[in-house]
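Engineer: requesting a structural model of the entry that follows:
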Amino acid sequence: MNKYIKIERGRTPQLAEQFGVSNQYVWYALHYVKNGPRAVEIRKAALETGGVYVESNFVPTCRCEKTPTGFQQIFA
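Structural biologist: Numbering: from 1, shown residues only. Next comes the predicted model:
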């Protein structure tokens, strides 16, 4: 399962400046890669300013076939 907080375009640098971290750290926090106190505060601020919590259970529909040269994935 994928979970993340979706925010408006351009909001990442604002959060980075507000919390004194890099844009990459904000991305990690919003995608639940980082879970420290600062990451929790970034997620809270993002939700309070219009961010949306999203969960995704995406599993692609595909099949694998063996070919003479190896395997091939075919997506529907």
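Engineer: for residue 23, give me its contacts.
Structural biologist: 12, 13, 16 (Cβ atoms under 8 Å, 6 or more residues apart in numbering). C-beta: built from backbone N, CA, C; applies to glycine.
Engineer: packing partners for the longest helix along the chain?
Structural biologist: If you go by DSSP state H, the chain has its longest helix at helix 37-48. In terms of contacts (3 or more Cβ pairs under 8 Å, 6 or more residues apart in numbering; DSSP states H and E), helix 37-48 is packed against strand 2-6, helix 11-19, helix 23-30.
Engineer: hang on, the earlier thing: mark which of the contacts of residue 23 are buried, thanks.
Structural biologist: 12, 16 (16 or more other Cβ atoms under 10 Å).
Engineer: ok so, going back, and the angle for the longest helix of the chain with strand 2-6?
Structural biologist: Relative orientation of helix 37-48 versus strand 2-6 (axes from the mean of the first three to the mean of the last three Cα atoms, to 10 degrees): 60 degrees.
Engineer: who's in contact with helix 37-48?
Structural biologist: Residues contacting helix 37-48 (Cβ under 8 Å, 6+ apart): 5, 7, 11, 15, 18-19, 21, 25-26, 28-30, 51, 53.
Engineer: make it 7 Å
Structural biologist: 5, 7, 15, 18, 19, 21, 26, 29, 30, 53 (Cβ atoms under 7 Å, 6 or more residues apart in numbering).
Engineer: Produce a ChimeraX select command limited to the buried residues of those.
Structural biologist: The buried subset of the contacts of helix 37-48, as determined by 16+ other Cβ under 10 Å, is captured in ChimeraX by this line:
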select :5,7,15,19,21,26,29,30
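Engineer: as TSV, the contacts of helix 37-48 with distance to residue 72 and pLDDT would be great.
Structural biologist: Shown next, in TSV, are those (distance: Cβ to Cβ, whole Å; pLDDT from 0 to 100):
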residue	distance to residue 72	pLDDT
5	37	96
7	38	97
15	43	97
18	48	97
19	46	97
21	43	98
26	39	97
29	38	97
30	35	97
53	37	95
